[in-house]
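K.L.:
I'll drop the sequence and a predicted model, then ask my questions.
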Amino acid sequence: MKLFFLVLTFAACFKIITSKGANRTIWLLYSLFFLSNDILIWGPFNAHFLFIASFILSLYFSKEFIPNYKFYPLRNISIIIFIIYLLIGLFDQRIPLISRISRPVTEFVTTYTAFFIGFCSIKSNNELHKVIQGFTKILIIVSIYGIITYILQNNPWYDLLTSTFNGEVGIWSGVQERGYRVCSFLSNPIVYSGVMGMYSLIILQMWHPKKKTIKYILISLLALSTLIANSRTGVFSTLLLYALFYFLKNRFSYKNLLIIFTVIILMTILYNISFIKPILDSSFDLFTTGGENIEGSNIDLKEQQWIVSLEYFNEAPFLGHGLAYFIEVIGNKNSYLNNPELAGMEGYQYKLLIEQGLLMIIAVLIFYVRLFIISWKNRNSNITSYLTIACIAAFIFFICSTGTYGSTFLYFGIYIGLLLRCTYDKKIFNSHSSLQRTKIHRQMSY
């Protein structure tokens, strides 16, 4: 069975490399959504690493890499991040020499390269239209399959894939304390919930089919997918996304008040639906008790994790303890340095503090500040700038709440990069009606 998945993986790589324009992007998205990061190739390299590497190779062979790189507004800070990754690897005495190179490369390719990939994925209004059309087909299949797995309370594809490469089914296979958690073709229900929420807003704003009914059916499927994944982080990142976008777009207006009122009514109705009530209960519990009544990290545990993380940061402040230090040392029960106080550690900030150090923290802050500034500068002429800002904020909230596993950067970052291209490249948004800025209400209407 392993051979079957490997053949599919390399076939997908071949299609990405040999395709161009929108077709290349669509093949990349198909590959990322239907062949998860659980497919291991060799050492630190998994299927998703190969898909991104194939995309870059395709850009190089078609002589598109250099022009896109020169036009990419985050190229300098991205290079700095890559250099810091290499330094972290080279100074990590725990691992052999080859891993000191391979780990930083893998980490960079599957994280901050995602934004560049998204930025390169389109270069015209026509390509944007084709990518969105292809992406909607992917989302329909993924969301419907997710709903089927919820009804079955079982995910045959996930079980087959994880048992093939890990020797046993993954942790999301069975019904947990919160209930069954849907991940569809992805490898993690938390990531599934977050990205389905983000994609619902992107589809709402950027997809305009002839029959609007189809559009709203898909948005409903995505909203339901966000809920049945049973993730508090996914639900709250989606609410933050929508709230921030509509307030940026409309400022203070009756429309904003109507949206808030509608959300309250919908939440009230959903709270009384039997299979959704436990999901909302777990979300509300996070604020009322700090998450004490629900399985998973609670507020007190996170406070303790902050304290211990800062202690580790003080031990190696500049370059951290090395990539994968938490999994291999702190979280390893067989290690004498195993620390139960950090069990279940979640949040990108802990990874930065313990594994990557001050230099990476500064570089990452510069990266996101730069990303916000670029989007904010274009707010007067491009409505997509607000969508980009909202998606960045939701993404940062998401990774700080629950970490970066399950190819989080790829699923979020590629579309943030695409939105950045729409925001930054005037020739795209000036010719696409859905990207042009509508009238913004500067003051509340009375």
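P.N.:
Now that the structure is in, tell me what you want to look at. Just so we're clear, the structure is a prediction, and the values are computed from it rather than from any experiment.

K.L.:
other SSEs contacting the longest helix along the chain?
P.N.:
Looking across the chain with DSSP state H, the single longest helix is helix 125-152. Contacts defined by 3 or more C-beta pairs under 8 Å, 6 or more residues apart in numbering; DSSP states H and E place helix 125-152 against helix 21-34, helix 189-206, helix 212-228, helix 408-424, helix 426-429. To be clear about C-beta, it is placed using only N, CA and C from the backbone, and glycine gets the same treatment.

K.L.:
between those, which gets nearest to residue 105?
P.N.:
helix 408-424 (14.6 Å; C-beta to C-beta).

K.L.:
Around residue 181, count how many other residues there are.
P.N.:
Neighbourhood size, residue 181 [other C-beta atoms under 10 Å]: 24.

K.L.:
Checking it next. Helix, strand or coil?
P.N.:
The three-state label given to residue 181 by DSSP: H, G, I helix; E, B strand; the rest coil is coil.

K.L.:
can you pull the contacts of it?
P.N.:
172, 189, 229-231 (C-beta atoms under 8 Å, 6 or more residues apart in numbering).

K.L.:
now do residue 184
P.N.:
The neighbours of residue 184, taking C-beta under 8 Å, 6+ apart as the test, are 142-143, 145-146, 149, 155, 192, 225.

K.L.:
Let me see the ranges of the helices in the stretch 301-446 of the chain.
P.N.:
325, 348-351, 357-377, 384-402, 408-424, 426-429 (DSSP state H, counting those that start in this stretch).

K.L.:
Distance from the chain centre to the longest one, please.
P.N.:
The reference is to helix 357-377. Distance, stretch centre to chain centre, for helix 357-377: 17 Å (C-alpha atoms, centre = their mean, to the nearest Å).

K.L.:
The helices and strands packed on helix 125-152: which one's closest to residue 85?
P.N.:
Distance to residue 85, taken as C-beta to C-beta, is lowest for helix 408-424 among the helices and strands packed on helix 125-152, at 13.1 Å.

K.L.:
Convert the C-alpha atoms of the closest one to CSV, please.
P.N.:
Taking Å, rounded to 0.1, in the frame of the first residue of the first chain, the C-alpha atoms of helix 408-424 are listed here in CSV:
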residue,chain,number,x,y,z
THR,A,408,-0.7,24.7,8.7
PHE,A,409,1.6,27.2,7.0
LEU,A,410,0.9,25.7,3.6
TYR,A,411,-2.9,25.7,3.9
PHE,A,412,-3.0,29.2,5.2
GLY,A,413,0.1,30.7,3.7
ILE,A,414,-0.5,29.9,0.0
TYR,A,415,-3.8,31.7,0.0
ILE,A,416,-2.4,34.6,2.0
GLY,A,417,0.3,34.9,-0.6
LEU,A,418,-2.2,34.8,-3.4
LEU,A,419,-4.2,37.6,-1.7
LEU,A,420,-1.0,39.5,-1.3
ARG,A,421,-0.4,39.3,-5.1
CYS,A,422,-3.9,40.6,-5.7
THR,A,423,-3.3,43.4,-3.2
TYR,A,424,0.2,44.3,-4.4
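
K.L.:
Who are the packing partners of it?
P.N.:
helix 21-34, helix 113-120, helix 125-152, helix 189-206, helix 357-377, helix 384-402, helix 426-429.

K.L.:
Format those as TSV; extra columns: distance to residue 100 and mean pLDDT.
P.N.:
Shown next, in TSV, are those (distance: least, C-beta to C-beta, whole Å; pLDDT from 0 to 100):
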stretch	distance to residue 100	mean pLDDT
helix 21-34	27	97
helix 113-120	19	98
helix 125-152	37	96
helix 189-206	28	95
helix 357-377	16	95
helix 384-402	25	92
helix 426-429	40	72
